[in-house]
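>>> What shape does this take:
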Amino acid sequence: MPCEKKPMRYGHSEGHTEVCFDDSGKFIVTCGNDGDVRIWEGLDDDDPRFITVGEKAHSLALKNGKLVTASSNNTVQIHTFPEGEPDGILTRFTTNATHVTFSRSGSRVAAASSDFLVKVVALSDSSDQKTLRGHEAPVLSVSFDPRDQLLASSSCDGSVVVWNIEEQSQVTRWTLLKKSSDVSNAKSLCRLAFQPPSGKLLAVPVEEKVHLYERDTWSHVTTLSDDLSTQVMNVVCWSPCGKLLAAASVGGVITVWDVGSKLCVERQKHEKGFTVCALAFSPCGSQIAYTDTEGCLGLLEGVSSGAAPDRSKSAESAAARDYDDLFDEDEDGLMDEGESPLKRPGPEEEEPIPSTGRVRNRAAFLDDDNSLGTNAPQSASCSTPVSLRPVYDGPMPTPPQRAFQPGSTPAHLTHRFMMWNSVGIVRAYNDDQDNAVDIEFHDSAVHHAMHLSNTLGHNVADISQEAVLLGCPGTDELASKLQCLHFSSWDNHKDWLVDLPHGEDVRALCLGVGWAAVATSAPLLRLFTSGGLQREVFSLSGRVVCLSAHGDQLCVVYHRGTGFDGEQCLGVQLLSLGHRRRQILDQPLPLSPRSHLSWMGFSAEGTPCSVDSEGVVRMLNRSLGNTWTPVCNTRDTCKSKSDHYWVIGVHENPPQIRCIPCKGSRFPPTLPRPAVAVLPFKIPLCQTSTEKGQMEEQYWRSVLLHNHHSFLSVNGYALDQDALSHSLKEQQELLMKMFALSCKLEREFRCVELAEMMPQNLVTLAIKYASRSRRMALAERLSKIALEKAQEDQEEEHEEEHEEEHSGKSAPLTSSSKTKKSPVLKPLAPRAKSKKYKSPEKVCAKPQTGFQLWLEEHRKSILAENPDLEETDVIKEAMGRFRSLTAEERLTTLAVGQSEVTAEE
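Modelled structure (predicted):
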């Protein structure tokens with residue numbers, strides 16, 4: 001061929017989508033799960049007309065200015081085309097109609113249904129109906145014979161039946177498919193089709209192949225297959241000339257065969273590998289429109305037959321000359337340097353072979369067995385010879401994701417959300433009655449609701465507790481504009497307007513505290529103050545995808561490069577725009593395989609979060625080198641594949657993800673106002689169904705959500721001490737529960753690993769638990785860890801006291817102030833491998849800490865009071881008494897011990 005594959009575009013909400021051309025080929029018509037029929041004037045039409053036919057539209061057919069649709073209200077409706085005016089109900093079923101098609105003349109319509117029936121209805125008189133009964137399960141598809149005598153149908157009962165329409169009887173029946181209970185559960189839609197214009201062949205997709213059956217005899221003539229397509233075939237479609245047959249699989253592979261030669265002349269793969277659920281040839285036969293189960297529309301252009309249509313010598317000679325010109329144009333027909341020009345052979349002469357040994361007329365060899373018969377009539381659209389240039393079969397580049405505003409619905413909708421966040425909602429209405437923007441605040445104390453006329457055509461917006469920011473694209477006459485409604489201003493001028501330079505359009509925007517950011521098509525990022533003063537402007541590393549802000553933080557997502565095989569190559573840049581302006585990170589943004597970014601923002605506590613189209617929510621882990629941790633998969637709670645959750649916010653305290661359930665679509669409607677649901681966090685650890693896995697997930701989730709406290713304290717924010725104490729207490733309880741479980745399972749090495757993660761006071765509790773469990777070896781190892789952690793605590797205390805003395809602010813540390821200090825979970829300190837545990841006598845012989853000196857001095861008194869204590873219990877008792885001492889008493893003990901050591905030396 002090869003044909004050109006156009007980038008796919010969003011057409012409908014996720015779910016089954018169908019497509020067809022009108023009789024002129026000017027319009028592409030689609031229907032989908034959102035209940036709309038869209039009329040596209042080409043794939044680049046950014047504002048297609050639409051007709052709402054019901055809650056869902058399952059199928060459509062178009063002929064002679066009549067549009068027939070099968071909707072979710074169990075009816076088959078008629079609309080005029082292209083006006084879209086309702087023209088009545090053609091027929092009804094007791095359940096959903098699954099497929100509709102026109103006869104060749106356009107006088108009758110066949111409709112299949114989930115109630116096992118097929119109806120053939122005259123378009124001029126809906127009372128003239130033929131009902132075909134015999135299927136034992138929902139009917140998948142129907143196809144008219146071009147002579148309007150027969151009808152073929154496939155069903156979930158596994159059968160394919162050919163009917164005589166007038167007699168309402170079965171002509172033949174095959175069992176070819178796997179049985180299923182419903183259309184939604186079927187492995188294939190089995191969209192069969194008769195060959196135009198004669199109806200000589202019936203094409204039926206069966207497993208990974210397409211079977212062809214001959215009319216009248218109904219014998220299996222041949223099978224078309226592709227070795228590179230291993231997925232089940234879903235739909236088939238004939239070209240208008242009847243020479244080409246296109247088929248699409250559930251794996252997204254579209255294959256086109258030349259039926260006469262049985263050769264695959266075209267193969268294209270869906271850019272993301274989604275199931276292709278509908279195919280349609282254009283009336284001229286040069287285009288194939290297709291749709292997928294995600295509601296997207298695609299187009300193949302330049303489709304033609306791969307076999308040479310004419311075996312005449314003149315055509316053969318022309319093909320040979322064209323092929324040879326690829327190699328010989330730089331040498332004027334000579335392959336070897338120094339040769340004299342060769343005479344062109346006459347009609348009866350053989351083609352000479354140059355000294356290089358290359359056969360000049362390759363077309364004669366390539367076309368020997370792969371062409372159609374010489375007497376077969378050819379259509380202009382199916383007679384183009386194959387282009388013999390090499391075909392690239394490697395990874396295909398992914399169309400870059402368009403810029404979007406997090407918390408907004410698609411811009412082509414007439415009623416849409418321009419922004420939904422934790423502050424309020426911005427709605428846009430653009431229909432025949434009104435073109436306006438409504439602004440609503442969740443807390444009316446911030447500001448009252450506003451209604452604005454959208455005369456400038458704003459399409460992006462953001463809302464904060466200080467202002468509302470709106471942006472509109474530019475035109476040939478007008479520049480792109482940025483409008484801010486600064487309602488928190490104390491003067492009388494509450495708004496300002498800025499024109500961007502000519503040719504530069506607003507792509508994304510956001511509002512921080514005291515500033516606004518705008519990313520443009522340049523690509524530049526422009527900063528403004530809330531009052532309209534221009535600040536810095538800098539270039540972005542790639543085309544912007546979205547912006548988000550929180551306080552002084554600005555998050556920029558952009559294209560780092562070109563993705564392949566459905567992957568997006570995105571980067572994320574995090575900037576701090578406070579008094580200390582700096583770049584916090586600039587790194588690739590992780591996404592799920594074959595997905596795109598659907599939301600980017602901050603939690604209420606200021607942690608960056610992202611959500612991709614697969615429903616995976618990720619949160620930045622500042623304590624682990626700014627890595628991204630998945631904290632939830634919204635798809636796990638969806639009841640259906642077509643259901644989604646539209647995320648509008650994330651909170652860490654309490655941990656919850658605020659989102660809107662969308663049944664059968666990716667975006668919520670504006671009316672009625674959708675209800676907000678709350679999803680919990682869940683880190684995807686292994687074996688979370690076990691008790692151990694559940695406690696591990698709870699612990700690391702608590703640690704991850706605890707990170708924002710350190711970020712807030714470093715940046716001068718007020719801390720919620722109750723929440724901080726509760727988080728630390730929860731972590732310690734989980735550590736002790738995991739320790740107890742490991743002891744129960746006799747996993748002592750795992751117990752030691754857990755003790756390394758505990759604070760010193762919790763290790764003491766673990767020693768007591770191990771001693772009562774009669775695990776003395778484990779208790780001895782834990783006592784070593786307790787001593788080391790006690791030594792670390794003492795060293796830290798001495799460092800703090802030393803700093804206080806030098807700063808002139810030293811003060812005696814009383815026991816009451818010591819008890820008020822919240823325990824802190826310290827990081828694991830590395831220990832030298834050569835370090836060995838020393839006995840208490842040797843430790844005290846060379847004292848390093850006040851506790852060791854105090855233990856040596858009071859060991860005898862402790863043993864005199866409790867003669868039955870073992871070594872670990874002695875240490876535990878000594879630790880408890882030592883911690884009850886005041887700072888002055890500890891320093892006195894330390895001074896006495898050091899003087900004794902000095903005297904001995």
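>>> and after the helix or strand hosting residue 234, which helix or strand comes next?
Counting by DSSP states H and E, the element that carries residue 234 is strand 233-238. Per DSSP H and E, the first helix or strand lying C-terminal to strand 233-238 is strand 244-249.
>>> neighbouring contacts of that following strand?
195, 203, 205, 208, 210, 224, 229, 231-239, 254-259, 265, 275-277, 279, 281, 285, 288, 290, 303, 305, 382 (CB atoms under 8 Å, 6 or more residues apart in numbering). Quick note: C-beta positions are derived from backbone N, CA and C, even for glycine.
>>> From the chain's centre, how far out is the top helix by length along the chain? Work that out for me.
When the chain is parsed with DSSP state H, its longest helix is helix 776-807. Offset of helix 776-807 from its chain centre (CA atoms, centre = their mean, to the nearest Å): 48 Å.
>>> and it, which residues are buried?
Under the neighbour-count criterion of 16 or more other CB atoms under 10 Å, helix 776-807 has 778-791, 793-794, 797, 801 buried.
>>> Ok, stretch 39-53 next?
39, 40, 43, 48, 49, 50, 51, 53.
>>> What about those residues, which are in strands?
Here DSSP state E is the test, and the buried residues of stretch 39-53 give 39, 40, 49, 50, 51 as lying in strands.
>>> Tell me the one among those residues nearest to residue 477.
residue 49 (25.5 Å; CB to CB).
>>> Verify the contact between the closest one and residue 30 for me.
No: judged on CB atoms under 8 Å, residue 49 makes no contact with residue 30 at a distance of 11.5 Å.
>>> any common contacting residues for the two?
With CB under 8 Å, 6+ apart as the test, residue 49 and residue 30 both reach residue 38.
>>> the strands in the stretch 201-350 of the chain, which residues?
201-206, 209-214, 220-224, 233-238, 244-249, 253-258, 263-269, 276-281, 287-292, 296-301 (DSSP state E, counting those that start in this stretch).
>>> hmm, back to that, hmm, which two among the ones in strands among the buried residues of stretch 39-53 are most spread apart?
40 and 51 (12.7 Å).
>>> okay, and the helix or strand of the chain with the least pLDDT?
helix 815-820 (a mean of 37; mean pLDDT, DSSP states H and E).
>>> wait, what's in contact with the residue nearest the centre of the chain?
With distances taken as CA atoms, centre = their mean, the residue of the chain nearest its centroid is residue 613 (2.1 Å). Counting by CB under 8 Å, 6+ apart, residue 613 touches 592, 595, 596, 597, 598, 666.
>>> State the pLDDT value of the closest residue to it other than its chain neighbours.
Nearest non-adjacent residue to residue 613, counting by CB to CB, 6 or more residues apart in numbering: residue 595, 4.4 Å away. Per-residue confidence (pLDDT) for residue 595: 94.
>>> mind checking how far residue 595 is from residue 294?
Note on residue 595: its distance to residue 294, by CB to CB, to the nearest Å, is 11 Å.
>>> Of these two, which one has the most company?
Set residue 595 next to residue 294 and count neighbours by other CB atoms under 10 Å: residue 294 wins out with 22 against 18.
>>> what's that one sitting at in phi/psi?
Main-chain dihedrals, residue 294, degrees, to the nearest 10: phi -100, psi 0.
>>> mind listing what it touches?
Here residue 294 is in contact with 14, 272, 274 (CB under 8 Å, 6+ apart).
>>> could you dump the buried residues of stretch 39-53 to TSV with distance to residue 882 and pLDDT?
Supplementary listing: the buried residues of stretch 39-53 in TSV, determined by distance: CB to CB, whole Å; pLDDT from 0 to 100:
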residue	distance to residue 882	pLDDT
39	84	93
40	81	92
43	79	88
48	79	88
49	83	89
50	78	89
51	83	90
53	81	89
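>>> Please identify which of those is nearest to residue 403.
residue 43 (19.8 Å).
>>> Where does the prediction get shaky in the stretch 151-300 of the chain?
Under the criterion pLDDT under 70, no range of the stretch 151-300 of the chain is flagged.
>>> What of the chain?
Residues of the chain that meet the criterion pLDDT under 70 lie in 1, 305-390, 715-718, 802-850, 887-905.
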